[in-house]
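Engineer: only geometry, no sequence info:
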């Protein structure tokens, strides 16, 4: 399956971070229910604590833009994250290349 990866970079002030993460926990319910979404992950930068990146893998860019965004799950998703839209620094779609693989630490428990 070809997938499109959407990256959304945020800058969130320290006093807003707990509410931001709680909002994305609510928004994640809509992502999980969406047939267009493969998976998602919200990560916070260790060096610059106010930076976050949301990674969402979609089945395709068309599925994201014309399926999810026009579908039944988008209103709940957007309602949860609406207060943080102004904090977006980047929102782009990327195609995964063939350069991928496990590192030595993969599989170690």
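Structural biologist: Thanks, I have the structure now. What you see is a predicted model; the values in this text were computed from it and never measured.
Engineer: please count neighbours and contacts with C-alpha atoms only from this point.
Structural biologist: Will do.
Engineer: excluding chain neighbours, what is closest to residue 26?
Structural biologist: residue 80 (6.4 Å; Cα to Cα, 6 or more residues apart in numbering).
Engineer: residue 16: how many residues sit nearby?
Structural biologist: By the criterion of other Cα atoms under 10 Å, residue 16 has 11 neighbours.
Engineer: the strands in this structure, which residues?
Structural biologist: Ranges of strands in the chain, per DSSP state E, are 4-11, 37-44, 51-58, 88-95.
Engineer: distance to residue 30 and mean pLDDT added to these, as a markdown table?
Structural biologist: Listed next are the strands of the chain as a markdown table, based on distance: least, Cα to Cα, whole Å; pLDDT from 0 to 100:
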| stretch | distance to residue 30 | mean pLDDT |
| --- | --- | --- |
| strand 4-11 | 16 | 98 |
| strand 37-44 | 9 | 98 |
| strand 51-58 | 12 | 98 |
| strand 88-95 | 19 | 97 |
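Engineer: adding distance to residue 20, write those strands out as JSON lines.
Structural biologist: Output for these, formatted as JSON lines (distance: least, Cα to Cα, whole Å):
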{"stretch": "strand 4-11", "distance to residue 20": "10"}
{"stretch": "strand 37-44", "distance to residue 20": "11"}
{"stretch": "strand 51-58", "distance to residue 20": "10"}
{"stretch": "strand 88-95", "distance to residue 20": "12"}
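Engineer: could you dump those strands into a markdown table with mean neighbour count added?
Structural biologist: Shown next, in a markdown table, are the strands of the chain (neighbours: other Cα atoms under 10 Å):
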| stretch | mean neighbour count |
| --- | --- |
| strand 4-11 | 20 |
| strand 37-44 | 16 |
| strand 51-58 | 20 |
| strand 88-95 | 13 |
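Engineer: nearest to residue 28, of these?
Structural biologist: Ranking those by proximity to residue 28 (Cα to Cα) places strand 37-44 first, at 8.0 Å.
Engineer: mind listing what the closest one pairs with, with the direction of each?
Structural biologist: strand 51-58 (antiparallel) (DSSP bridges).
Engineer: so what touches the partner strand?
Structural biologist: Strand 51-58 is contacted by residues 3-12, 36-45, 64 when judged by Cα atoms under 8 Å, 6 or more residues apart in numbering.
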